[in-house]
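Peer 1: can you look at this prediction? I've put the sequence above it.
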Amino acid sequence: MLDRAAWEKNRAETAPPILLVVAVALVDVDGRVLLAQRPPGKSMAGLWEFPGGKLHPGESPEQALVRELKEELGIDTGESCLAPIAFASHRYEKFHLLMPLYVCRVWKGTPQPHEGQTLAWVRPQKLAEYPMPPADLPLIPALQDLL
């Protein structure tokens, strides 16, 4: 049996780093959700995901989403338009992903793929038909319940 200090040392040596990313379910006036397909050359290429990305140092999750939506999709929204609804916690081989999911119904502009991704507006009941990274899958029921 390991004592507490040995257990903590062993855990620290074997635990992957935590990666904090943030994602958003953009919901249009027809109740559809925007998904983006990861482009060739990126990890998990071909899988569909909610738009978002990594936080920069000093950014809040909301600030990161506002920035990412502008960079990835060319749309503008405000932090007050983002409502947190769920989060994913998933261990991948090299890192542990922690990802809050927000819903946004208000933005300016029309989402356009600025990073080589394909976009699709999807009805909530059809979300599970799109292959997604493992961390995204548990978010689908929460989103369907909300919408």
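Peer 2: Cool, the structure landed.
Peer 1: pLDDT value on residue 2, please?
Peer 2: Per-residue confidence (pLDDT) for residue 2: 57.
Peer 1: ok, now the one 4 residues further on?
Peer 2: The predicted structure scores residue 6 at 59 on the pLDDT scale.
Peer 1: ok, now residue 20?
Peer 2: 93.
Peer 1: which secondary structure state does it sit in?
Peer 2: strand (DSSP: H, G, I helix; E, B strand; the rest coil).
Peer 1: with the one 3 residues further on instead?
Peer 2: Classification of residue 23 by three-state DSSP places it in strand.
Peer 1: residues near it, how many?
Peer 2: For residue 23, the count of nearby residues is 23 (other C-beta atoms under 10 Å). C-betas here are computed from N, CA, C, even on glycine.
Peer 1: check contacts around the most centrally placed residue in the chain.
Peer 2: Geometric centre of the chain, nearest residue: residue 23, 2.9 Å, by C-alpha atoms, centre = their mean. Residue 23 sits next to 49-52, 65, 99-102, 136, 139 when contact means C-beta atoms under 8 Å, 6 or more residues apart in numbering.
Peer 1: sweet, I'm off.
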